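A.B. asks: fold the following for me, if possible:
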Amino acid sequence: MRDLVNASPQQVREWIRKGEIQGPTAGMCRGYTQGNLVILPKKYAYDFLLFAFRNPKACPILEVMDEGARETQIAPQSDIATDIPKYRVYTKGENTGEYADIQSFWREDFVSFIIGCSFTFESALMQGGIGIRHIEMGTNVPMYITNIDCKPAGIFSGPTVVSMRPIPRDKVVQAVQITSRYPSVHGAPIHIGNPHDIGIRNIDKPDFGDPVEIKPGEVPVFWPCGVTPQAVAMNVKPEIMITHSPGHMFITDKKDHELM
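C.D. replies: Predicted coordinates:
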């Protein structure tokens, strides 16, 4: 059995490229940064960059790639079109399919954005004695579309998406302190407690990912999420936007502690 927790990012990306890993990447390559993906035609790239700049909690930029480039600087010898377990293609705001690679969709005018992911600070939470429920359950992290509007920029506007982790009530302050040290991967929570306050009607029915158990004595804690651009795509309907499938991330060669 493969040790995905301690495997190198290069090795895991190779397995992904070969189609040997197809599921969510939470818990893989402990200590290494994972990233969300947004790919857009160049004509939308400045507007999206401005959108990310105005919404750094939800869309913290780790890298903006050159037009047409597929090898990232954050992971040399990688291929952004093959090295994520599952991609989504949005056509005029509609999710038109999920794919193991996007080589057949590739265009030379594409600009790719790597956005920080909250999976990065999960190692620090676990080192602090705070369990991560979706890793314990072997499921995807639950994610929800909220009533918190992003700051618009150019053509882009829409709601913030959050990820949720149940935290024991007596460890919530510790969780806030730990994650606040990672502003490049969403940082501190955006909301703690009642999900209805941020427009989540049913905590057991996430918009993306899988539901997880919230045990007695635990509080739902919500972090801004890099799936926000997918909710924005559904709102503003650009010609095409290619993203990771929620929970299926790009694993970089950058160490988590470099983002503190």
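
A.B. asks: and residue 105, what does it touch?
C.D. replies: 89, 99, 240, 242 (Cβ atoms under 8 Å, 6 or more residues apart in numbering). No exception for glycine: its C-beta is placed from N, CA and C like everyone else's.

A.B. asks: who wins for neighbours among these?
C.D. replies: residue 242 (24 neighbours; other Cβ atoms under 10 Å).

A.B. asks: report how many residues lie close to the nearest residue to residue 62 once chain neighbours are set aside.
C.D. replies: Distances taken as Cβ to Cβ, 6 or more residues apart in numbering put residue 114 closest to residue 62, at 4.4 Å, once the chain neighbours are dropped. Residues lying near residue 114 (other Cβ under 10 Å) number 28.

A.B. asks: what's the most distant pair in the contacts of residue 105?
C.D. replies: 99 and 240 (13.1 Å; Cβ to Cβ).

A.B. asks: between those two, what contacts are shared?
C.D. replies: 89, 105.

A.B. asks: what about the chain, any weak spots by pLDDT?
C.D. replies: 260 (pLDDT under 70).

A.B. asks: strands along that one, start to end?
C.D. replies: Counting by DSSP state E, the chain has strands at residues 32-41, 61-64, 87-91, 94-99, 110-116, 143-149, 159-168, 191-192, 218-224, 240-244, 250-255.

A.B. asks: closest to residue 135 out of the ones you listed?
C.D. replies: Checking those against residue 135 by Cβ to Cβ gives strand 159-168 as the closest, at 9.7 Å.

A.B. asks: so how far is residue 82 from residue 104?
C.D. replies: 11 Å (Cβ to Cβ, to the nearest Å).

A.B. asks: re earlier: would you format the contacts of residue 105 as CSV with distance to residue 3 included?
C.D. replies: Formatted as CSV, those follow (distance: Cβ to Cβ, whole Å):
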residue, distance to residue 3
89, 32
99, 27
240, 37
242, 31
